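Trainee: Sequence and computational prediction follow.
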Amino acid sequence: MIRADTALLITTSYAYEGDGSEAAGAFVADLAQELASIMPVRVVAPGKKESKRMHGAVEVWSFQAPDKPLSLLTPAHPGNWWVIARTLRSLRRTVLAANEDARVLHALAFWVLPSGWAARVLQRQHGVPYSVWALGSDIWSLGRLPVIRGFLRRVAVDAANAYADGMQLGVDAARICGREFAFLPSTRKLAAARFQPVSSAAPYRLLFLGRWHPNKGADLLIEALTLLEDRDWVRIAEVHIAGGGPLDDAVRKGVANLEAAGRPVRLSGYLDRDQASQAFAQADRLLLPSRIESIPVVFSDAMKFSLPVVSMPVGDLPTLIGSGTGWLAQRVDAEAFAAAIRGSLVSEHDDAALRDMNERFAIERIAERIAAVARRDERGETRND
């Protein structure tokens, strides 16, 4: 008799190369590799065609997905319906194929839709229990669509466990889905070695690393930097802006204007894993000017490098930032963010507080927790973790 011993991760985002363009995909890939050190792991992830390959210690089964990111295929637009239907058929087929040998002990869906739907199919056909991990797009975007909202609820209610990668997100998910969502943060694995400690005196090196998108506040960052005065800039050794996205033209134009004014601003594109580690290791402050956020992966990255954060007061960041871990803007606008940057230039951080926060986001602890949930299924226990 075949013994089920494998965790199946079902995801719509998976980073093979770690080029820095897909934070959520990097988290899933890193978690899969970490979990594989504890138990066998298979992953179902998007690809150009249905196929199977090894990625490190993990078997990756690809379902056929469009070139356009699945997060952009909103069902609110009828023009997307055919592509969505084709993708869902391939996803369902691939998830069932990944358990053809009946080795899957537990399925973990990233995120509730559509991955949770596919996990629910596996449960209903073969009795494999599943858990779902909610992302903001599940709850704050798809949750607004009446028909999808009901389906979201059914998938979550039937799951053995439900997680959310933010505390407020978990509260909102529970309200929509009618069940508890436990907080479990998303993070990734970086070689966290600093070349020198975070500076305790000016001038400081500031870093923004992320998508140049309105939600991430890249335009607010440029405006805030423009508002800083000469007396602020003498306390800044460099502002490094890395990433890419739909605000590319506006960011580049803004940086060019700052450079023309003699400000020490450096621009680069998306950073791969090694480049990101180097950028964190060299920085003294991380800038998070987001308009909308839960807990970004880049926040946990910063904690790994004992890097304090300057942030907008959005999502769970007001709860996490403080007591030595960073500085919080009073409002979500450029003027308030400039004031927060200014405050970070004239006050200190707390290394002990940063170390404590980092432990909460350790991917090793998250993998251990997921493995414990999967192995609990061998004993027939069914309770939300």
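Mentor: Great, that's in hand.
Trainee: I figured R86 hits Q64, correct?
Mentor: Yes: counting by CB atoms under 8 Å, R86 touches Q64, with 7.4 Å between them. (C-beta placed from N, C-alpha, C; glycine too.)
Trainee: Which residue of the two possesses the greater neighbour count?
Mentor: The neighbour comparison of R86 against Q64 (other CB atoms under 10 Å) goes to Q64, with 17 against 13.
Trainee: ok, now how distant is the spatially closest residue to that one that is not a sequence neighbour from A156?
Mentor: Nearest residue to Q64, sequence neighbours excluded (CB to CB, 6 or more residues apart in numbering): S90, at 4.2 Å. For S90, the distance to A156 equals 23 Å [CB to CB, to the nearest Å].
Trainee: Can you tell me the number of residues neighbouring the closest residue to L247 other than its chain neighbours?
Mentor: With CB to CB, 6+ apart as the criterion, L247 has its nearest non-adjacent residue at 4.2 Å, and that residue is W212. Other residues near W212 come to 25 when the count uses other CB under 10 Å.
Trainee: now W212: how far from R291?
Mentor: In terms of CB to CB, W212 sits 13 Å off from R291.
Trainee: Checking F208 next. Helix, strand or coil?
Mentor: Three-state call for F208 (DSSP: H, G, I helix; E, B strand; the rest coil): strand.
Trainee: now it, which residues is it bridged with?
Mentor: For F208, the beta-bridge partners are I241 (DSSP bridges).
Trainee: so it touches R285, yeah?
Mentor: No: judged on CB under 8 Å, F208 makes no contact with R285 at a distance of 9.8 Å.
Trainee: which is the next helix or strand following whichever strand or helix holds the residue nearest to Q64?
Mentor: Assigned by DSSP states H and E, S90 belongs to helix 81-98. Once the chain leaves helix 81-98, the next helix or strand it forms, by DSSP H and E, is strand 104-110.
Trainee: By mean pLDDT, which helix or strand of the chain comes out lowest?
Mentor: Taking mean pLDDT, DSSP states H and E as the measure, the chain has helix 136 as its least confident helix or strand, at a mean of 79.
Trainee: Who are the packing partners of the helix or strand following that helix?
Mentor: For helix 136, the succeeding helix or strand toward the C-terminus, using DSSP H and E, is helix 146-158. Identification of packing neighbours for helix 146-158 by 3 or more CB pairs under 8 Å, 6 or more residues apart in numbering; DSSP states H and E yields helix 117-126, strand 130-134, helix 167-177.
Trainee: make it 6 Å
Mentor: Counting contacts by 3 or more CB pairs under 6 Å, 6 or more residues apart in numbering; DSSP states H and E, helix 146-158 is packed against helix 117-126.
Trainee: In the helix it packs on, which of the residues would be classed as buried?
Mentor: By neighbour count with 16 or more other CB atoms under 10 Å, helix 117-126 contains the buried residues 117-123.
Trainee: got it, and stretch 41-61?
Mentor: By 16+ other CB under 10 Å, the buried positions in stretch 41-61 come out as 41-47, 55, 58-61.
Trainee: So which of those residues is the closest to L8?
Mentor: Within these, proximity to L8 (CB to CB) peaks at R42, which comes in at 5.0 Å.
Trainee: Three-state assignment for the closest one, please.
Mentor: Applying three-state DSSP: R42 is strand.
Trainee: Read off the pLDDT value for it.
Mentor: In this model, R42 is scored at 98, pLDDT.
Trainee: for the one 5 residues further on, same thing?
Mentor: Reading off the per-residue confidence, G47 sits at a pLDDT of 94.
Trainee: And the one 4 residues further on, by the same measure?
Mentor: At S51, the model reports a pLDDT of 96.
Trainee: Report the contact partners of it.
Mentor: The contact partners of S51, by CB atoms under 6 Å, 6 or more residues apart in numbering, come to S62.
Trainee: From W81, how far out is it?
Mentor: As judged by CB to CB, S51 and W81 stand 25 Å apart.
Trainee: next one: E50
Mentor: 21 Å.
Trainee: circling back to that earlier point, tell me how far the least confident helix or strand of the chain is from the chain's mean position?
Mentor: In terms of CA atoms, centre = their mean, to the nearest Å, the centre of helix 136 is set 10 Å apart from its chain centre.
Trainee: cool, stretch 89-96 as well?
Mentor: Remark: stretch 89-96 is offset 24 Å from the chain centroid, using CA atoms, centre = their mean.
Trainee: can you give me the strands in the chain?
Mentor: Secondary structure of the chain (DSSP state E): strands at 6-11, 41-47, 51-55, 58-64, 104-110, 130-134, 161-164, 182-183, 204-211, 236-244, 265-268, 285-288, 309-311, 326-328.
Trainee: neighbouring strands for the shortest one, and are they parallel or not?
Mentor: The one in question is strand 182-183. Sheet pairing for strand 182-183, using DSSP bridges, gives strand 161-164 (parallel).
Trainee: what's in contact with the partner strand?
Mentor: Everything outside strand 161-164 that qualifies as a contact, by CB under 6 Å, 6+ apart, is 131-134, 156, 170, 173, 179, 181-182, 184, 373, 384-385.
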